[in-house]
Every structure is written in structure tokens, then in C-alpha cells.
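what follows is a predicted structure for the sequence shown.
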Amino acid sequence: MRAVVVEQTGGPEAMQVVERPAPEPGPGQVTVDVAASGVNFIDVYQRTGAYPKDLPFVVGSEGAGTVTAVGEGVDGVAVGDRVAWAMVDGGGYAEATVLAAERAVRVPDGVDLEVAAAAMLQGMTAHYLCETTFPAGPEHTALVHAAAGGVGLLLTQMLATKGTRVIATTGTEEKAALARAAGADEVVLYRDTDLVEEVRRVTDGDGVHVVYDGVGRTTFDDGLTLLRTRGMMVLYGASSGPVPPMDPQLLNRQGSLFLTRPTLGHYIADRAELLERAGAVLGQVAAGTLDVRIGGRYPLADAGRAHEDLEARRTTGKLLVLPRD
């Protein structure tokens, strides 16, 4: 089978398509014929070495496909099942992969495998952000950065469904239109407008209850400034770079603020929570109440271009690598 492998960390050119032996499942594992693999910023961080991994490694950790073999002791997953996964080491850009059966989630009938692959990591991230980390409701106003991105579009939809007032940030009018279609009440074009001034204007000076920030360095300080007393900064990513060290006393001075740096792995740590969260997301997709936008599809040989497009913010929605040309 073919897989995208990194032998030495570096730029997008560090990813090479190589031939590898077809994987066989061990005890408690399943082998899956991969239909689509999700592209995520964690893939970039691992490729560059920002998140160290043992070399060489297969890039990616998210996808969907059809089970072709099961190992000893596997119960509840069978050959022919359509499954999806996220946060699985090595379960990414390849024609086939092996994963622990307990991390495989059945894809509901009527949900395309490409859509399932696109929904898993970013959908479950959006879900835990607004349902668990800061359970938003109709009494809240939320600031969502990069609202036309993969997480941003899904998070905006979920918040809008809950009745939360959403103020979205985007870089272009095209992306602003996507955010509005997802349910954003206000959109701020951060390249053309003073973010702090505009958010204060549309909130009558009150600010927001929560900031969902996957951008990091370039947005963090303004986000803290815009929080109401006892508001929460949910810093779940760093697409613009890591936030510099800060004095916790700043949280006191700006209104007894809360700051959290969550990650999806801690919100799907056991199978029961994984199934509950994935089931909620895929169930909404199946019901037609959550729209998953696929912003680009790339063959294995073009995985490097997918990373370039993601890092340059040339994309909207979710990017996929398709193993079958």
C-alpha cells in the first residue's frame, strides 16, 4: 500500500509517498481501507517537529473507511463496517491503516465517508468547546475567531443552534459570507477593522462572555481585552504561532478572567465519551442540521500542497487527502 511518510521533519517537502507492507491487525485492532483522511494543524506541527514524534511516521490521525479485517478479541466491530476515527496515531494519509477497535466509531447510514472523515476531529472539537469547556447558551455572546475555518464553521453552527449570539472574525468578504450562512450574528473583517473597537461597538461596550480562539499569537491579547468580567478565554489552537508567556495576574486585573488550553484528546479519553461526542456530531450530520464544508480534496502525492494551503489560510472548511487517485 501507499502512505505519506515523514523521515526527517521539515517543510511540506518532508512528506513523501512511499510503498509500505499492507497492515495486519493485532489483538484488539482492525484494518481499514481508507476512503479519506482529514488534514489538521496537528499534522503540520508534527511534520515540522513542533510536536515531536518518533521517525519515520505516517502523517495524519483522522479518517474514515471500511473495515477489511479484525484482530483477535475484537467485539462490536466487524468486517464491512463503515467507521471513522480521530486522534489515532498513524491513522492518516494512507491507503490502509490499523487502529484500535475501541477508537473506531460507526458511521451512520446516509453519511458519506468523506463527510465523516471531515467531521470527526473538527466536529468533536467544536462540540466539546461549546458543550463542555464553556457550555454556551442563549444568554451568552461568543467571539469565534477564524469562523470560516473547519472548526469555526461547525462551532458557529452549533452555537447558533443553541441560541448563542455569535460574533465571528474572518479575513475576507467571501469568508464572512460563509460565517453569516453558518449563523453568525456579526462578522468582523480583522484585516480591515479594529477588532476591539468593533466588538465593543456591537456589544454596547459590554464585551463577550467567551472567546473561542484557535489562532493564538495574533488574537490572544485582543481576546482577553474583550472578555466581560469572569469571562473565559478558550485557547484551543495556535495557527498564527504560540502565545508568549504571560503573568497570571493579568487575568485578575482584567476582570477575574478564566483561561483554559484544552485539547480534544482529553475530551474523548474513554470510549463512552468518544461514542457520545462522535455520535452527537455524526447524528447532526445525518439529520441534516450540521453542514460539513469540504474545502479541498488532494491526492496522496499532493499532501504537501494541502499543508501549504492550510498554513497560508487559503482554505475554508475541511481539507481531505484521498488515498485512491
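The structure has been received and is ready for your questions. Treat the numbers as computed from the prediction; the structure is a model and nothing was measured.

and after the least confident helix or strand in the chain by mean pLDDT, which helix or strand comes next?
None of the helices or strands of the chain scores lower by mean pLDDT, DSSP states H and E than helix 41-48, at a mean of 94. From helix 41-48 onward toward the C-terminus, using DSSP states H and E, the following helix or strand is strand 57-58.

who touches the closest residue to Leu155 other than its chain neighbours in this structure?
Nearest residue to Leu155, sequence neighbours excluded (CB to CB, 6 or more residues apart in numbering): Ala126, at 3.9 Å. Yep, even glycine has a C-beta here, placed from its N, CA and C like the rest. Contacts were defined as CB atoms under 8 Å, 6 or more residues apart in numbering; by that measure Ala126 touches 151, 154-155, 157-158, 281.

of those, which belong to strands?
Assigned to strands by DSSP state E, none of these qualify.

I'd like those residues as JSON lines, with distance to Leu121 appended.
JSON lines is the format used below for these (distance: CB to CB, whole Å):
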{"residue": "Val151", "distance to Leu121": "9"}
{"residue": "Leu154", "distance to Leu121": "10"}
{"residue": "Leu155", "distance to Leu121": "13"}
{"residue": "Gln157", "distance to Leu121": "16"}
{"residue": "Met158", "distance to Leu121": "15"}
{"residue": "Val281", "distance to Leu121": "10"}
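
looking at these, which is nearest Ala177?
For those, the residue nearest Ala177 by CB to CB is Gln157; the value is 14.6 Å.

would you check that the closest one makes contact with Gly288?
No. Gln157 lies out of contact with Gly288 (CB atoms under 8 Å); the separation is 11.8 Å.

these two: which is more packed in?
Gln157 (22 against 8; other CB atoms under 10 Å).

look up the closest residue to the more buried one, ignoring the ones flanking it.
Nearest residue to Gln157, sequence neighbours excluded (CB to CB, 6+ apart): Ala182, at 4.9 Å.

give me the phi and psi for that neighbour.
For Ala182, the backbone dihedrals are phi -80, psi -10 (criterion: degrees, to the nearest 10).

please, which helix or strand holds Ala84?
Applying DSSP H and E, one finds Ala84 within strand 82-85.

that strand - contacts with which helices or strands?
Under the contact definition 3 or more CB pairs under 8 Å, 6 or more residues apart in numbering; DSSP states H and E, strand 82-85 sits against strand 63-70, strand 105-106, helix 113-128.

point out the most buried one among the ones you listed.
helix 113-128 (a mean of 26; mean count of other CB atoms under 10 Å).

against Val6, how distant is the most centrally placed residue in the chain?
Centroid check for the chain by CA atoms, centre = their mean gives Gln122 as the closest residue, at 2.8 Å. Distance, Gln122 to Val6, using CB to CB, to the nearest Å: 22 Å.

repeat that for Thr263.
Distance of Thr263 to Val6, computed by CB to CB: 21 Å.

neighbour-wise, which of these two wins?
Val6 (20 against 12).

ok, for that one, nearest residue in space, not its chain neighbours?
Closest to Val6 by CB to CB, 6+ apart is Ala14, at 5.1 Å.

residues contacting the one you found?
6-8, 47.

which of those are buried? Put it as a ChimeraX command.
Buried subset of these, written as a ChimeraX selection, criterion 16 or more other CB atoms under 10 Å:
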select :6,47
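
I'd like the contacts of Ala14 as CSV, with distance to Glu186 and secondary structure appended.
As requested, those are arranged in CSV below (distance: CB to CB, whole Å; DSSP: H, G, I helix; E, B strand; the rest coil):
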residue, distance to Glu186, secondary structure
Val6, 41, strand
Glu7, 47, coil
Gln8, 45, coil
Arg47, 36, helix
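
top strand in the chain by residue count?
strand 29-39.

from the contact counts, what lies against it?
strand 63-70, strand 96-100, helix 113-128, helix 303-311, strand 318-322.

what sits against Gly28?
Contacts of Gly28 by CB under 8 Å, 6+ apart are 71-74, 100-102.

please name the nearest non-neighbouring residue to it.
Nearest residue to Gly28 in three dimensions, chain neighbours excluded: Gly73, at 5.3 Å (CB to CB, 6+ apart).

helix, strand or coil for the one you found?
coil (DSSP: H, G, I helix; E, B strand; the rest coil).

that one: neighbouring residues, count only.
10.
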